[in-house]
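In: Using only what follows, build the 3D model:
(2 chains)
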Amino acid sequence: MFDFDAGKYALYVWPAFAVTVLAFGWMIADSLARARRWKREVEARAKAKS
Amino acid sequence: MFAFLANPDRFMAFSRRAAPAFGVLAALLIAAGLWFTFVAPEDYQQGDTVRIMFIHVPAAYMAMFSYLCLGVASFLSLVYRHALADAAARACAPLGAAFTALSLVTGALWGKPMWGTWWVWDARLTSVLVLFLFWLGYMALRAAIDDETKAGRAAAILALVGLVNLPVIHFSVEWWNSLHQGATVFAAKAENRLPPSYLIPMALMALGYTSAFGSLWLVRIRAEVWRRRAAVLALQAAEG
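Out: Modelled structure (predicted):
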């Protein structure tokens, strides 16, 4: 049913998917890490203020 | 809609639920898109490299769509001087740059076996490279100016100038002789349009990419709002 055999084009097809996975991985990880970092920072500063 | 979300508290309440909802939608759409990607038949000319199209075309579309979002946010930031619009513009840039880089790299990986070269100074490819340079320039300009307000205004003007490049990218295959193929998704001639076996995975992936961008953009705007709140609190603490 699934055609995972890219034959002679595997050298191009799979790196294209790999680089897409890497780009999405970076976008997700960086966005979540940034949000967590600054949320914690605000909470810590608000706590220190009060 | 803009007026409703212009209030930071309302935006934070909205995005708290909207960001994960868009994320789940993106995962479902991309999973379905990948399913159809690997059950689609080989193309009679492109062979298995046609599967690269299902990740390349949505990335190229997102490169342009995200820049349009940057342009709208920059315009609102310049005209209304609204901090949330400026935060949205700043948050958009790394995502747009990533999608543009992705479209260039996946395009090169398709171009080598099909055109026999990784790169040509073709109007479409070159105008997308210019778009990538606009993203880099936007981020570099923001980073180069210490005063955040001035940096935001200068970068917003640069972003608006870069909007001129979007119609150039879109119409480049019509205005110049190009190695890059013309329109196939919304082609005028029926014989040039994609068959459903290719249109379905491409549409699902494009919608999935759009949802993913929506989710990540909201997450990054939230991070930017928190970063600015932390800066205000730090300033207040320093002033005693």
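In: hey, let's count contacts and neighbours off CA atoms from now on
Out: Noted.
In: quick one, helices of chain A?
Out: Listed from the start of the chain, chain A has helices (DSSP state H) covering A:10-49.
In: What residues does it have near chain B?
Out: Residues of chain A lying near chain B by Cα under 8 Å from any Cα of the partner chain: A:1-4, A:6-7, A:9, A:12-13, A:15-17, A:19-20, A:23, A:27-28, A:31-32, A:34-36, A:38-39, A:41-42, A:45-46, A:49.
In: Select only the buried ones of those in PyMOL?
Out: Buried residues among the residues of chain A next to chain B (16 or more other Cα atoms under 10 Å in any protein chain shown), as a PyMOL selection:
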select buried, chain A and resi 6+9+12+13+16+17+20+23+27+28+31+34+35+38+39+41+42+45
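In: give me the residue from chain B nearest chain A.
Out: Relative to chain A, the nearest point of chain B is B:A223 (4.1 Å; Cα to the nearest Cα).
In: ok, that residue touching A:A35?
Out: Yes: using Cα atoms under 8 Å, B:A223 is in contact with A:A35, at 4.1 Å.
In: what mean pLDDT would you report for the host helix or strand of B:I157?
Out: Secondary structure from DSSP states H and E places B:I157 in helix B:148-162. Mean pLDDT, helix B:148-162: 96.
In: same for the next helix or strand after it, what does it pack against?
Out: Next helix or strand after helix B:148-162 toward the C-terminus (DSSP H and E): helix B:165-175. Applying 3 or more Cα pairs under 8 Å, 6 or more residues apart in numbering or on different chains; DSSP states H and E, one finds that helix B:165-175 contacts helix B:123-144.
In: and the helix it packs on, does that touch chain A?
Out: No: contact of helix B:123-144 with chain A (Cα under 8 Å from any Cα) is absent, the minimum separation being 14.9 Å.
In: hmm, who's touching that helix?
Out: Residues from elsewhere that reach helix B:123-144 (Cα atoms under 8 Å, 6 or more residues apart in numbering or on different chains): B:90, B:93-94, B:96-97, B:100-101, B:104, B:119, B:148, B:151-152, B:154-155, B:158-159, B:162, B:165, B:168-170, B:172-173, B:176, B:178, B:180.
In: again, but for stretch B:91-102
Out: The contact list for stretch B:91-102, computed with Cα under 8 Å, 6+ apart, reads A:19-20, A:23, A:27, B:56, B:59-60, B:62-64, B:66-67, B:69-70, B:128, B:131-132, B:135-136, B:138-139, B:213, B:216-217, B:220-221, B:224.
In: hey, C-alpha coordinates of it in CSV?
Out: Extracted in CSV, the C-alpha atoms of stretch B:91-102 (Å, rounded to 0.1, in the frame of the first residue of the first chain):
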residue,chain,number,x,y,z
ALA,B,91,7.9,36.5,16.6
CYS,B,92,7.1,35.7,12.9
ALA,B,93,10.6,36.2,11.5
PRO,B,94,12.4,33.0,12.6
LEU,B,95,9.5,30.8,11.5
GLY,B,96,9.3,32.6,8.1
ALA,B,97,13.1,32.3,7.6
ALA,B,98,12.9,28.5,8.5
PHE,B,99,10.1,27.9,6.0
THR,B,100,11.9,29.9,3.3
ALA,B,101,15.2,27.9,3.9
LEU,B,102,13.2,24.7,3.8
